[in-house]
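>>> I'd like to go over a predicted model; first the sequence, then the structure.
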Amino acid sequence: MSEILYCDNSTLKAVARCSTEAVVRYILGFTTPTDKATLKAGTAFHLAMASHFQGASVTDVLDAFTKEYEDFATEHVPADDRLAYTNLVRIIEYWCETHPLHALPFQVDPNLVEIGFAYPLVEDDLGTIVMCGRLDFLPTYQGAVYVGEHKSTGRIDKPWLDSFHLDSQISTYMWGAAQHIQLPMAGAFLNAVEFSKIPARDRKCPTHKVGYAECGQLHSNSQLVVLTRTPEQIDQWRKSAIHLAKKFRELKQRYTSIEQIGKVRQQGQFNNSCRWCELAPYCRLDRDPQYVVNNMVLEKWQPYEHAMRQEETPTT
């Protein structure tokens with residue numbers, strides 16, 4: 001019987017980095033109980049942006065952000081942290097006020113905001129592998145359709161922005177969007193918003209000649225960047241994605257228990273992925289299965305359900 005396997009960009013990136021990471025996180029479903037402030041702030045940011053791009057008022061946009069993030073931040077994030085609720089709500093409020101829909105360089109159909117997709121990437125004798133994802137928005141510019149992607153980060157700089165010119169996520173979304181509307185994508189708009197600490201000190205700002213309490217929001221940083229992919233680049237992305245997806249299927253068929261983890265390859269040792277991997281402490285302990293049971297959380301990754309989740313965003 002032909003089987004269906006669901007994967008997404010996060011899954012295939014893990015496969016490309018290290019089989020151990022892919023097996024532990026995306027096959028066996030274990031994750032580390034790390035500080036979730038960055039993830040929670042990012043989720044709230046996306047809800048706020050979805051509300052804004054669906055035509056909501058600034059008040060409703062901030063309500064969407066507040067509902068998702070304020071209680072969590074009040075309990076878990078220090079008041080002077082860059083991810084403090086009061087700091088982020090000022091950043092988002094200023095961004096909305098300075099980026100009304102009518103002033104953006106593209107047009108946004110409110111029906112093309114927060115779109116889940118799941119389309120076959122490859123079909124063979126072993127079954128169908130389906131690529132899933134969730135599109136932030138699909139804007140149009142000069143009659144052409146683009147992918148829109150929201151990103152929040154602690155610092156916007158050239159190396160960070162440059163990384164998206166070849167990032168697989170953008171290619172994944174351009175491919176998925178083309179399947180969704182049956183039209184080629186002209187490119188992608190990256191909406192980058194910096195979640196850094198807004199100056200709030202009493203002293204005078206040397207740039208604006210007023211107190212930081214008055215001009216703090218003016219120090220917010222955001223950029224709108226256009227990214228492109230040629231049809232040939234999308235085709236090469238798809239070939240690479242198929243290769244990684246088949247490898248993921250092979251890993252999933254071979255490794256079904258944490259007791260087998262000692263037999264899984266560790267390519268991260270060769271490509272520097274261990275430096276940033278949350279599993280590094282686990283691997284340094286020779287991947288003891290008991291460590292996983294005692295120190296990690298079972299939280300199955302379900303790419304299809306994640307892509308197709310239904311969220312309410314208030315609109316006017």
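That came through fine.
>>> alpha carbons only for contacts and neighbour counts from here, please
Noted.
>>> you'd agree N111 is in a strand?
Yes: under DSSP: H, G, I helix; E, B strand; the rest coil, N111 falls within a strand.
>>> Name the nearest residue to it, ignoring sequence neighbours.
Of all residues not flanking N111 in the chain, Q54 sits nearest, at 7.7 Å (CA to CA, 6 or more residues apart in numbering).
>>> same deal with Y304?
Y304 sits nearest to C132 (CA to CA, 6+ apart), 5.9 Å away.
>>> what's the spacing between that neighbour and E250?
Remark: distance between C132 and E250 (CA to CA, to the nearest Å) = 19 Å.
>>> what's the answer for I115, then?
I115 is 29 Å from E250, by CA to CA.
>>> what about the helices in the stretch 201-316 of the chain?
Counting by DSSP state H, counting those that start in this stretch, the stretch 201-316 of the chain has helices at residues 212-215, 231-254, 268-271, 280-284, 289-295, 303-307.
>>> want to try CSV for those helices, with mean neighbour count as columns?
Below are those laid out as CSV (neighbours: other CA atoms under 10 Å):
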stretch, mean neighbour count
helix 212-215, 18
helix 231-254, 16
helix 268-271, 14
helix 280-284, 14
helix 289-295, 13
helix 303-307, 18
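>>> among these, which gets the worst mean confidence?
Sorting the helices of the stretch 201-316 of the chain by mean pLDDT places helix 212-215 lowest, at a mean of 52.
>>> who's in contact with the spatially closest residue to I258 that is not a sequence neighbour?
Residue nearest to I258 in three dimensions, not counting chain neighbours: P289, with 5.9 Å by CA to CA, 6+ apart. Going by CA atoms under 8 Å, 6 or more residues apart in numbering, P289 touches I258, E259, I261.
>>> just I156 next, same as before
Neighbour list for I156: A192, V193, E194, N221, S222 [criterion: CA under 8 Å, 6+ apart].
>>> what's the closest non-adjacent residue to the last one?
When you say that, I think you mean S222. Closest to S222 by CA to CA, 6+ apart is V193, at 4.4 Å.
>>> any idea which helix or strand carries the one you found?
Secondary structure from DSSP states H and E places V193 in strand 187-194.
>>> who touches that strand?
So strand 187-194 is contacted by 145-156, 170, 174, 220-229 (CA under 8 Å, 6+ apart).
>>> how far out from the middle of the chain is it?
Here strand 187-194 is found 12 Å from its chain centre; the criterion is CA atoms, centre = their mean, to the nearest Å.
>>> okay, and for this structure, where does confidence drop off?
In the prediction, the chain carries residues with pLDDT under 70 at positions 1-2, 34-35, 200-219, 311-316.
>>> Could you pull up the contacting residues of the residue nearest the centre of it?
Taking CA atoms, centre = their mean, the centroid of the chain lies closest to K151, which sits 7.1 Å from it. Applying CA under 8 Å, 6+ apart, we find K151 in contact with G42, L190, N191, A192, V193.
>>> Any figure for the gap between it and A41?
In this view, K151 and A41 are 11 Å apart by CA to CA.
>>> Check E194 too.
12 Å.
>>> just R265 next, same as before
Distance, R265 to A41, by CA to CA: 34 Å.
>>> These two - which one has more neighbours?
Using other CA atoms under 10 Å as the criterion, R265 and A41 rank with A41 on top: 23 against 13.
>>> Please verify my assumption that the more buried one contacts N87.
No: A41 lies out of contact with N87 (CA atoms under 8 Å); the separation is 11.3 Å.
>>> Over to T20: give its phi and psi.
Note on T20: its backbone torsions stand at phi -60, psi -50 [degrees, to the nearest 10].
>>> can you count the residues close to it?
Per other CA under 10 Å, the neighbour tally for T20 reads 24.
>>> next one: A188
For A188, using other CA under 10 Å, the count is 23.
>>> can you pull the contacts of the residue lying closest to it once chain neighbours are set aside?
In space, and not counting its chain neighbours, A188 is closest to V147: 4.4 Å by CA to CA, 6+ apart. Residues in contact with V147 (CA under 8 Å, 6+ apart) are L135, D136, F137, L138, P139, Y173, M174, A177, M185, G187, A188, F189.
>>> so of these, which ones are in helices?
Those of the contacts of V147 mapping onto helices are Y173, M174, A177, per DSSP state H.
>>> Can you name the residues that contact the last one?
Yep, that's A177 we're talking about. Under the criterion of CA under 8 Å, 6+ apart, the contact partners of A177 comprise F117, L135, L138, V147, M185.
>>> ok, of the residues you listed, which one's closest to D80?
Proximity of these to D80 (CA to CA) peaks at L135, which lies at 32.7 Å.
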